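Student: Let me see the structure of the following:
(chains A, B, C and D)
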Number of protein chains: 2
Amino acid sequence: MRLSKRGEYGLRAMIVLADTPNPGGPYPVMQIKEIAQRENIPAKFLEQILLALKNAGLLQSKMGVGGGYYLARPPQEITLGHIERVLDGPLAPIRCVSQMAYEPCGCPDAETCGLRMVMGDVRNAIADILDHTTLADVTKRVHAVRAMKQKPE
Amino acid sequence: MRLSKRGEYGLRAMIVLADTPNPGGPYPVMQIKEIAQRENIPAKFLEQILLALKNAGLLQSKMGVGGGYYLARPPQEITLGHIERVLDGPLAPIRCVSQMAYEPCGCPDAETCGLRMVMGDVRNAIADILDHTTLADVTKRVHAVRAMKQKPE
DNA sequence: CCGAAAGTATACTAAATCTATAGGAATTAT
DNA sequence: ATAATTCCTATAGATTTAGTATACTTTCGG
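Tutor: Now for the predicted structure:
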């Protein structure tokens, strides 16, 4: 049940973008290199990932000198579930419980398949978290922990 | 976030073993072939999987004519989480939130890593389900659905 | 004791997938 | 024009997965 590097890197990148203060523009513009360095991600690999996120409408970009990537929408409107689906496909552990990419599995009777029932629960548990956690939520949480570390009550 | 075939097949096999009535012995003894046919699993592949589960102490076996596999413990004492960990390793989506196989990830500061916090939640959600669902629970649930199908209120 | 049935054990391979790199095309600021 | 940057595609390398092959051991019935 592992998250791919692709998913991990993409999520990290989006979180960084959401958490970077934006002096001028609407959202902070960051270059691939910049993000890659900050998060220890191979730059060329990240390039592909950000491109995919752009094509999915989650990022926008500016080419040329001084260009870079920035969020296509405010952080509170982008969920981790959306990002992860773009990068790795369905959240469901097995296809036969996927909402977005259902496929029958090999079991004799899907309706009375015990594994399917349990994995359905798992899928829902994962989706509940990732589809209800926005980039803004993550930022908020990170800041809370940082503040706690400074003044550790 | 997908479950491997190995995990899927192993879980299915254990569920079948738990749900098969046992006329004589303590637990039903089933042969690899039998399980494989019932669940559409390649027999030779299943062989390896059952062996792994045996070496992990979840199954026992009897060699020779009339032999086969049977549960090492009663179904209410075997959790899906245990099975899945034996077959696919840690439940955690990323290793830096794994209880059983922690490893640092590339992020600058683990303590204030937003992704890590969320994935920790995901890990816990998955583990809550799989570690608290026993083979007996699955059987019970399946029977409930089967009964409902017969007499659909 | 013999032979068939069944699990044990390991090695191997083919295919798929994942991760990462390469290199050139397009675009933009200066 | 040049340098910086994203865009795009191909592909190489590594790893994992899924499945097969083969030889061995144990057990039972006759």
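Student: Every contact and neighbour count from this point should use C-alpha atoms.
Tutor: Will do.
Student: what's the burial count for A:A92?
Tutor: A count of nearby residues for A:A92, using other C-alpha atoms under 10 Å in any protein chain shown, gives 26.
Student: what about chain A, any weak spots by pLDDT?
Tutor: A:22-27, A:153 (pLDDT under 70).
Student: Around chain B, pick out the residues from it.
Tutor: A:1-4, A:11-12, A:15, A:38-40, A:88, A:90-94, A:106-108, A:112-115, A:118, A:121-122, A:125-126, A:129, A:138-139, A:141-142, A:145-146 (C-alpha under 8 Å from any C-alpha of the partner chain).
Student: Pull out the buried residues from those residues.
Tutor: Those of those that meet the buried threshold are A:1-4, A:11-12, A:15, A:39, A:88, A:90-94, A:107, A:112-115, A:118, A:121-122, A:125-126, A:129, A:138-139, A:141-142, by 16 or more other C-alpha atoms under 10 Å in any protein chain shown.
Student: In helices, which of those residues appear?
Tutor: A:11-12, A:15, A:39, A:88, A:114-115, A:118, A:121-122, A:125-126, A:129, A:138-139, A:141-142 (DSSP state H).
Student: what sits against the residue nearest to A:E47 when sequence neighbours are not counted?
Tutor: In space, and not counting its chain neighbours, A:E47 is closest to A:I32: 6.4 Å by C-alpha to C-alpha, 6 or more residues apart in numbering or on different chains. Neighbour list for A:I32: A:A43, A:L46, A:E47, A:G68, A:Y69 [criterion: C-alpha atoms under 8 Å, 6 or more residues apart in numbering or on different chains].
Student: Would you write a PyMOL line that selects the buried entries of those?
Tutor: Provided next is the PyMOL selection string for whichever of these are buried by 16+ other C-alpha under 10 Å:
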select buried, chain A and resi 46+47+68+69
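Student: Of the contacts of A:I32, just say which sits nearest to A:Q150.
Tutor: Proximity of the contacts of A:I32 to A:Q150 (C-alpha to C-alpha) peaks at A:Y69, which lies at 31.2 Å.
Student: doesn't A:L59 make contact with the closest one?
Tutor: Yes: assessed by C-alpha atoms under 8 Å, A:Y69 is found in contact with A:L59 at 6.6 Å.
Student: Get me the contact residues on chain A for DNA strand C.
Tutor: A:4-7, A:41-45, A:48, A:62-66, A:88 (C-alpha under 7 Å from any atom of the strand).
Student: can you rerun that using 6 Å?
Tutor: In this structure, chain A approaches DNA strand C at residues A:S4, A:K5, A:R6, A:P42, A:K44, A:F45, A:M63, A:G64, A:V65, A:G66, judged by C-alpha under 6 Å from any atom of the strand.
Student: Name the SS class of the nearest residue to the fourth one once chain neighbours are set aside, please.
Tutor: Nearest non-adjacent residue to A:P42, counting by C-alpha to C-alpha, 6+ apart: A:A36, 6.2 Å away. Under the three-state scheme (DSSP: H, G, I helix; E, B strand; the rest coil), the conformation of A:A36 reads as helix.
Student: give me the element A:E103 is part of.
Tutor: Using DSSP states H and E, A:E103 maps to neither a helix nor a strand.
Student: Identify the residues contacting the residue lying closest to A:R12 once chain neighbours are set aside.
Tutor: Here the nearest residue to A:R12 in space, its sequence neighbours aside, is B:L115; by C-alpha to C-alpha, 6+ apart that works out to 6.6 Å. Contacts for B:L115 were tallied using C-alpha under 8 Å, 6+ apart; they are A:L11, A:R12, A:I15, A:V138.
Student: swap the cut-off to 10 Å and go again
Tutor: B:L115 makes contacts with A:8-9, A:11-12, A:15, A:80, A:135, A:138-139, A:142, B:94, B:107, B:121, as judged by C-alpha atoms under 10 Å, 6 or more residues apart in numbering or on different chains.
Student: The residues you listed: which two are farthest apart?
Tutor: Top of the distance list for the contacts of B:L115 (C-alpha to C-alpha): A:T139 and B:I94, 19.5 Å.
Student: Is there any residue in stretch A:90-101 that contacts DNA strand D?
Tutor: No: Stretch A:90-101 does not reach DNA strand D (C-alpha under 6 Å from any atom of the strand); its nearest approach is 10.4 Å.
Student: Show me what that stretch is in contact with.
Tutor: A:1-3, A:81-82, A:84-85, A:89, A:102-107, A:110, A:115-127, A:130, B:1-5, B:8.
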